[in-house]
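Asks: 3D, please:
(2 chains)
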Amino acid sequence: MPKKGTKKGKSADDEPKEQNKLPEHLEVQRTRVVCKADAPTEGFQYAGAFAAMGIDNSVSVDKFCKNFKVMVNRLTEDDMEFDMIGIDASIANAFRRILIAEVPTMAIEKVLMVDNTSVIADEVLSHRLGLIPLDADPRLFEYISENDVPNERNTIVYKLHVSCKRGSPRLTVKSGDLEWLPEGSQLPLASPAQSGDKQKTYTSFGQSQKDIFEKPLGVKFKDITIARLGPGQAIELEVHAVKGVGKVHAKWSPVATAWYRMLPEVVFREEIRDDAAEKLVKKCPVNVFDIEDLGNGEKRAVVARPRACTLCRECVMGPTGEQVELRRVRDHFIFTIESTGALPPEVLFTEAVRNLEEKCERVISELS
Amino acid sequence: MRHRREGNTPHTAAAVSAPLSALPPPGGVMEHGSVTDSTASTFSIMDEDHTLANSVRFVLNQDPRVAFCGYSIPHPADNKVNIRVQTTGDSAKDVLKDSLQDLMVMCQHVRGTLDTAVTDFRQNNPTDMNVDLNKK
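Replies: Coordinates of the predicted model:
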C-alpha cells in the first residue's frame, strides 16, 4: 500500500460516522441510475457530496479492496461473462477500451503475391487474409519496428498455394489452406552472390520456429472462406504475420467485442394487480415480470428476471409508468468478453489490467 | 499539417512500407505549472487517451487533497491528454503520482480477485475445465 498514513487515520476516525445512513431517496441517487421514461437521472460522484451529513462518498484504495467482488457467470474457451461489483465506470471502461484497442495479437500484415489469377483483386484478398484470427500466443513474440529484420521472434510466415484444375468444379479456398512455414520465407530476395552462399529470402530466421514454440502456429478457424477459384485459376502467395494492437488496425484486436452493462434493477413503487399485471407481463419483450397467484382469483405482478431487462422502458411508458421504476446499479457491471481465439478471455482481461498498470507506471517514472 | 496515424492501408506485395505494427515510442509527460505555486498544474501526457486519463481523473477525485481535477483531449488528432490538478496545499505532482500509484494497487487487486474467481468457477464447473484442457 502506498503512503496513505494520513488517509488511513482519517477513515478510521470516520468509521462510526459511516453508521449514519443516507435517507433512502439520497441513497438511491448515490448508488443507482434511475431510468425515467424520457431520460436517466444523473447522480453524484464527488467524494464530499454528502460531507455535510457526515457521510463519506469517497472510494479509498482500502475501501475499494474491501468491497470489490468478481463473480464468473460463464467461462468457455473463447467466451466469458462475469460480474464486477464495486468498481467505477471509468475504470471498467478503461479495461474495455484496452481489451479492444491495446491488447496485442498476431495478424497478417504483409502479403507477398506471386500469382493471383482469381477474380478477387490483390488488395481485397490481402485484406481478407489480414482479418483471419491466428492461433499464436502474442506474448511469445516481439514487436517488429521499421528497421527490424523479420526473424523467428517477430514474424510468422504462411504460404498459400492453391489452384483449380481445368475442367474441375469451382474450388473454395479456406483459411485451413494456409500452410505454416516454421523455417521462414521461401521466396528468394536476390540470387546469391556466390553459388555457395545461402539463398537470401524475405525473412532471416536464426532457427526453426518448430524448436521455439510448443505447438504449431496455425490459424484458429480452418473453415473461413478466403476466395473461390474457377477452373484454371490459381493463387500463390506468402504472408507475414506480425504483432500489433487494435488501435492501429482492428485485425489486431484480440476480442470480437468486449462490453459491459450495469446491473438492471426493476422496482415496484406500488403493487400491480389483476388486469394491469397481466398487461404488464405481456408488455415486456424480455419477460422480466411474472404473475403471482394470491388465491381467491387475485393476481399480482412480480419481478422475476431483472437481469434480462434491456431497459427498453416499455413498462415505464403508459399506464404503469408511475408504479414501476427502472434502475441500474451504478457500481455493478456485467462484463462480457468474446475472444477471437488467440488467448482465452480470462487471460485477455488479466493482460488488459496489466496494461493499465503499465500505463500508470510509465507516467510515474516519467514524472519523477 | 497534422500527423495522422495510418489506418487501413492495403497490404500489397511490393509495398514494403513502414510496418504499421510498430508502436510509436512512448512520448513524454510534461508539467505545465508555476514556479511559485506547486499546488496547481496541468500535465500533458503524450500517447495516452481517455483510457488512462478518465481512470486517473476518477482516482484523483476520490483524494481529499484534490480541490479540482479534470482532463481534456485538446484535439482528436493529437495523441495527447491534458490532466489538470489543483490541490488544497500539497504539490500537484505528488498528488498525481499518488493517484497513479493507487490506481496500480486497485488494478493489482482486480487482477488477483479475478484470478481467484476464475479458479473457483473452474473448481465448481469441472466439465468446463476438462473441455479447456482437452483443447489446449
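Asks: what's the burial count for residue A:41?
Replies: If you count neighbours by other CB atoms under 10 Å in any protein chain shown, residue A:41 ends up with 12. Just so you know, the C-beta spots here come from the backbone N, C-alpha and C atoms, and that holds for glycine as well.
Asks: With residue B:123 instead?
Replies: 9.
Asks: Give me the secondary structure label for it.
Replies: State at residue B:123, reduced to three classes by DSSP: H, G, I helix; E, B strand; the rest coil: helix.
Asks: Report the contact partners of it.
Replies: With contacts defined as CB atoms under 8 Å, 6 or more residues apart in numbering or on different chains, residue B:123 has no neighbours.
Asks: the helices in chain A, which residues?
Replies: A:5-14, A:24-31, A:61-67, A:89-101, A:122-130, A:209-212, A:274-283, A:345-367 (DSSP state H).
Asks: For the fifth one, give me every contacting residue.
Replies: Outside of helix A:122-130, the residues within contact range by CB under 8 Å, 6+ apart are A:107-109, A:111, A:113, A:116, A:118, A:120, A:160, A:226-227, A:235, A:237, A:239, A:249, A:251, B:10-13.
Asks: Next, the contact list for the spatially closest residue to residue A:97 that is not a sequence neighbour, please.
Replies: Distances taken as CB to CB, 6 or more residues apart in numbering or on different chains put residue B:51 closest to residue A:97, at 4.6 Å, once the chain neighbours are dropped. Residues in contact with residue B:51 (CB under 8 Å, 6+ apart) are A:93-94, A:97-98, A:101-102, A:356, A:359.
Asks: Recalculate using a threshold of 7 Å.
Replies: Counting by CB atoms under 7 Å, 6 or more residues apart in numbering or on different chains, residue B:51 touches A:94, A:97-98.
Asks: which of the residues in the helix or strand containing it are buried?
Replies: Using DSSP states H and E, residue B:51 sits in helix B:50-61. Applying a neighbour-count criterion of 16 or more other CB atoms under 10 Å in any protein chain shown, one finds B:51-61 buried in helix B:50-61.
Asks: State the distance from the closest residue in space to residue B:108 that isn't next to it in sequence to residue A:260.
Replies: Once flanking residues are discounted, residue B:108 sits nearest to residue A:357: 6.9 Å by CB to CB, 6+ apart. Note on residue A:357: its distance to residue A:260, by CB to CB, to the nearest Å, is 20 Å.
Asks: And the strands in chain B, which stretches?
Replies: Along chain B, counting by DSSP state E, strands occupy B:29-32, B:40-46, B:66-72, B:80-87.
Asks: which one of those is the most hemmed in?
Replies: Among the strands of chain B, the stretch with the highest mean neighbour count (mean count of other CB atoms under 10 Å in any protein chain shown) is strand B:80-87, at a mean of 21.
Asks: pLDDT score assigned to the closest residue in space to residue B:117 that isn't next to it in sequence?
Replies: With CB to CB, 6+ apart as the measure, residue A:70 is the residue that lies nearest to residue B:117, at 4.1 Å, once sequence neighbours are left out. Note on residue A:70: pLDDT of 94.
Asks: do the same with residue A:294
Replies: What the model reports for residue A:294 is a pLDDT of 85.
Asks: ditto for residue A:283
Replies: Per the predicted model, pLDDT is 90 at residue A:283.
Asks: what do you get for residue A:18?
Replies: For residue A:18, the pLDDT comes out at 48.
Asks: now swap in residue A:48 and tell me
Replies: The per-residue confidence score, pLDDT, reads 71 for residue A:48.
Asks: so who does it touch?
Replies: Going by CB under 7 Å, 6+ apart, residue A:48 touches residue A:57.
Asks: what do you get for residue A:236?
Replies: Residue A:236 sits next to A:114-115, A:161 when contact means CB under 7 Å, 6+ apart.
Asks: Any idea what it is bridged to?
Replies: Beta-bridge pairing for residue A:236 (DSSP bridges): residue A:115, residue A:161.
Asks: From residue A:32, how far off is it?
Replies: 61 Å.
Asks: ok so, going back, among the contacts of residue B:51, who's most crowded?
Replies: Going by other CB under 10 Å, residue A:94 tops the contacts of residue B:51 with 28 neighbours.
Asks: Residue A:357 is in contact with that one, correct?
Replies: No. With contact defined as CB atoms under 7 Å, residue A:94 does not count as touching residue A:357 (11.0 Å).
Asks: Next one: residue 81, what pLDDT does it get?
Replies: Unless you meant another one, I'm taking chain A. On the pLDDT scale, residue A:81 gets 95.
Asks: oops, chain B please
Replies: On the pLDDT scale, residue B:81 is placed at 94.
Asks: which residues touch it?
Replies: If you count contacts by CB under 7 Å, 6+ apart, residue B:81 has them with B:45, B:48-49, B:53, B:71, B:73.
Asks: run the last query once more with 10 Å
Replies: B:43-54, B:56-57, B:71-74 (CB atoms under 10 Å, 6 or more residues apart in numbering or on different chains).
Asks: go on, residue A:308?
Replies: So residue A:308 contacts A:264, A:266, A:284-288 (CB under 10 Å, 6+ apart).
Asks: cutoff 7 Å now
Replies: So residue A:308 contacts A:286-288 (CB under 7 Å, 6+ apart).
Asks: And for residue A:131?
Replies: By CB under 7 Å, 6+ apart, the neighbours of residue A:131 are residue A:251.
Asks: Look up phi and psi at it.
Replies: Note on residue A:131: backbone dihedrals following degrees, to the nearest 10 are phi -80, psi 0.
Asks: separation between it and residue A:102?
Replies: 19 Å.
Asks: Residue A:185 now?
Replies: 29 Å.
Asks: okay, the two: which has more neighbours?
Replies: Set residue A:185 next to residue A:102 and count neighbours by other CB under 10 Å: residue A:102 wins out with 24 against 21.
Asks: doesn't residue A:355 make contact with the more buried one?
Replies: Yes. The pair residue A:102 / residue A:355 is scored as a contact, 5.6 Å apart, by CB under 7 Å.
Asks: Assess the claim that residue A:355 and residue A:100 are in contact.
Replies: No. Because the distance of 11.7 Å does not satisfy CB under 7 Å, residue A:355 is recorded as not touching residue A:100.
Asks: Overlap of the contact sets of those two?
Replies: By CB under 7 Å, 6+ apart, no residue touches both residue A:355 and residue A:100.
Asks: what pairs with the residue of the stretch 151-300 of chain A at minimum distance from chain B across the strands?
Replies: Nearest residue of the stretch 151-300 of chain A to chain B (CB to the nearest CB) works out as residue A:244 at 3.6 Å. For residue A:244, the beta-bridge partners under DSSP bridges are residue A:105.
Asks: Run through the bridge partners of residue A:327.
Replies: residue A:34, residue A:265.
Asks: How many residues are close by it?
Replies: Residue A:327 is flanked by 22 other residues according to other CB under 10 Å.
Asks: now residue A:159
Replies: Quick note: residue A:159 (other CB under 10 Å) scores 18 neighbours.
Asks: How about the contacts made by it?
Replies: A:179, A:181, A:186, A:238.
Asks: contacting residues for the residue lying closest to residue A:167 once chain neighbours are set aside?
Replies: Leaving aside its sequence neighbours, residue A:167 sits nearest to residue A:231 (CB to CB, 6+ apart; 6.0 Å). Under the criterion of CB under 7 Å, 6+ apart, the contact list for residue A:231 reads A:164-168.
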